[in-house]
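Enquirer: Got a predicted model here, sequence first, then my questions.
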Protein chains: 2
Amino acid sequence: MANNTNTKYSTKEKILKYAIKEFLEYGFYGARMQRIADKAKINKAMLFYYYKNKKQIYKEALMSIFKTVVENLINISDEDVPIEDKIKEIIDIYADFASKNPDYLRLVQYEFSRGGKDFTKYNILKDVSKSQLFPLNPDTGKIFKYFNKKMKSGEIRNINLAHLIISIAGQVMASFFARPLFEAIGVYKPSDFDKFIKERKEFIVKLVLDGIRGGN
Amino acid sequence: MANNTNTKYSTKEKILKYAIKEFLEYGFYGARMQRIADKAKINKAMLFYYYKNKKQIYKEALMSIFKTVVENLINISDEDVPIEDKIKEIIDIYADFASKNPDYLRLVQYEFSRGGKDFTKYNILKDVSKSQLFPLNPDTGKIFKYFNKKMKSGEIRNINLAHLIISIAGQVMASFFARPLFEAIGVYKPSDFDKFIKERKEFIVKLVLDGIRGGN
DNA sequence: TTATGAATTAACCAATTGGTTAGTTAATAA
DNA sequence: TTATTAACTAACCAATTGGTTAATTCATAA
């Protein structure tokens, strides 16, 4: 092996790492193989030595990204904390991940804007949803279990939990997905983005909490 | 003029119409000038006769699309209806537009996924937000006026209205933006999408209504 | 009828693109 | 030492791309 085992990343790993950056920046069609090679400081031919073609690199990049996204979003605890804290926990998980990985999120959004063609083609989503840990899994998802208990005990009214999760996630994610809109029209000063997110979290907690406590 | 005035659209209009379709399908980099010409059944050179280059066609397509989006989203009435009806009205406007123009929405999403580079570059968003009719305009927006009145009368608690609008729109739009995810993981059967949206509307109305009525 | 400019076309082009290939270097095992 | 294979490189290539151009058709006005 001429593979340099001293360096942190193998050539194959480097390719994926910088391919992700390139795809994030330009999408599939706009991504350039030469630019990926340049970013990774390797010969372009290596891309085709380790991967069949551009599509395959994209596929592996997508899978890697989506795996990271899901791994982050399933970290919901089993603890039986008060409802307000549980809602905060869910919001925090989504918001924190979005804050820390804006580029990952953007590629997911890019894929969604294309109708999720490749997500479905590569079975990326299906594999993920089978996971016992997936929060939207109505049988095993921790969020479902928690709120089902709270509905039975009467602490919250009867609600459709899939809708609740979508509503919470939707409110949080909107802040990140439509960020260019908000900043362009001056909803907040770009430098105040973190402050805006903090405000938004508090707003969502209160809205949802009152919303699910309200009379049946 | 050799321009065929019998047909419904002029050549220039045809170009924009089919360019939009192409950009919606493939994004900027994936769009092909030849394919636009083929779709419009004109000679490729006509694209460069009426427009400077690809970028310019994209720019005009973006502006046209965004204009349509905004024109639809500002159609909020002035009527002083009950709060529940007003929330329903807002939700309906967003949901109806998204249902009727899934492709337009996808291009907006595509642009957002790119960080809204071109939206800001072409000043598309800024021009729009200046509009007196823009619902997010805190001084003149009809939604602001309506809810401010309701806050003063005590019918709802004091809330940040920008956040309220983002929350409502976010919950509605999530249903469309993340549609590939929901269908892949089986939140509903793809054929039941309309039913899902109907359910979602009802869910959001109730959540928001209880959420803004709740104690201060 | 004819002159004029706008609209349209087919053929073309330079540059870029994803992908290949023949040959070289480096590591390992016998 | 040497044979073998994996890792790597530079040069190359066919196909595609956005964009151009010179020539032609068409409509209109004088």
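Expert: Looks like it arrived, so ask away.
Enquirer: What is the neighbour count of A:Glu22?
Expert: 24 (other C-beta atoms under 10 Å in any protein chain shown). Where C-beta positions appear, they are placed from N, C-alpha and C, glycine not excepted.
Enquirer: Quick one: residues contacting it.
Expert: Contacts for A:Glu22 (C-beta atoms under 8 Å, 6 or more residues apart in numbering or on different chains) come out as A:Ala31, A:Arg32, A:Arg35, A:Ile36, A:Lys39.
Enquirer: so A:Ala98 makes contact with A:Met173?
Expert: Yes: the criterion here is C-beta atoms under 8 Å, and A:Ala98 meets it with A:Met173 at 6.6 Å.
Enquirer: Is it possible to mark the buried ones in the contacts of A:Glu22?
Expert: Neighbour counting with 16 or more other C-beta atoms under 10 Å in any protein chain shown marks A:Ala31, A:Arg35, A:Ile36, A:Lys39 as buried within these.
Enquirer: which ones are touching the last one?
Expert: Which is A:Lys39. Residues near A:Lys39 by C-beta under 8 Å, 6+ apart: A:Tyr18, A:Lys21, A:Glu22.
Enquirer: any bit of stretch A:148-166 sitting next to chain B?
Expert: Yes: applying C-beta under 8 Å from any C-beta of the partner chain, one finds stretch A:148-166 in contact with chain B at A:Ile159, A:Asn160, A:Ala162, A:His163, A:Leu164, A:Ile166.
Enquirer: Return the members of those residues classed as buried.
Expert: Among the residues of stretch A:148-166 next to chain B, those classed as buried by 16+ other C-beta under 10 Å are A:Ile159, A:Ala162, A:His163, A:Leu164, A:Ile166.
Enquirer: Roughly how far does A:Asp38 sit from A:Phe28?
Expert: According to C-beta to C-beta, to the nearest Å, A:Asp38 stands 18 Å off from A:Phe28.
Enquirer: right, I mislabeled it, should have said A:Ala61
Expert: A:Ala61 sits 9 Å away from A:Phe28, going by C-beta to C-beta.
Enquirer: hmm, back to that, if you count what's nearby, which of A:Ala98 and A:Met173 comes out ahead?
Expert: A direct count of neighbours by other C-beta under 10 Å for A:Ala98 and A:Met173 places A:Met173 higher, at 23 against 20.
Enquirer: Go ahead and confirm the more buried one touches A:Tyr94.
Expert: Yes: the criterion here is C-beta under 8 Å, and A:Met173 meets it with A:Tyr94 at 6.5 Å.
Enquirer: how about A:Ile76, what does it touch?
Expert: Neighbour list for A:Ile76: A:Glu89, A:Ile90, A:Ile93, A:Pro135, A:Lys142, A:Ile143 [criterion: C-beta under 8 Å, 6+ apart].
Enquirer: related to what we said a few turns ago, adding pLDDT and secondary structure, write the residues of stretch A:148-166 next to chain B out as CSV.
Expert: Listed next are the residues of stretch A:148-166 next to chain B as CSV, based on pLDDT from 0 to 100; DSSP: H, G, I helix; E, B strand; the rest coil:
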residue, pLDDT, secondary structure
A:Ile159, 94, coil
A:Asn160, 94, coil
A:Ala162, 91, helix
A:His163, 95, helix
A:Leu164, 95, helix
A:Ile166, 94, helix
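Enquirer: Where do the helices of chain A begin and end?
Expert: A:11-30, A:33-40, A:45-50, A:54-73, A:83-100, A:102-113, A:117-121, A:124-130, A:142-152, A:161-177, A:179-184, A:193-213 (DSSP state H).
Enquirer: Could you identify which of these is most buried?
Expert: Mean neighbour count (mean count of other C-beta atoms under 10 Å in any protein chain shown) peaks for helix A:161-177 among the helices of chain A, with a mean of 23.
Enquirer: What separation is there between the residue nearest the centre of chain A and chain B?
Expert: Closest to where the C-alpha atoms of chain A average out (C-alpha atoms, centre = their mean) is A:Val69, at 4.1 Å. The gap separating A:Val69 from chain B is 11 Å, by C-beta to the nearest C-beta, to the nearest Å.
Enquirer: likewise A:Lys198?
Expert: Per C-beta to the nearest C-beta, A:Lys198 is found 12 Å from chain B.
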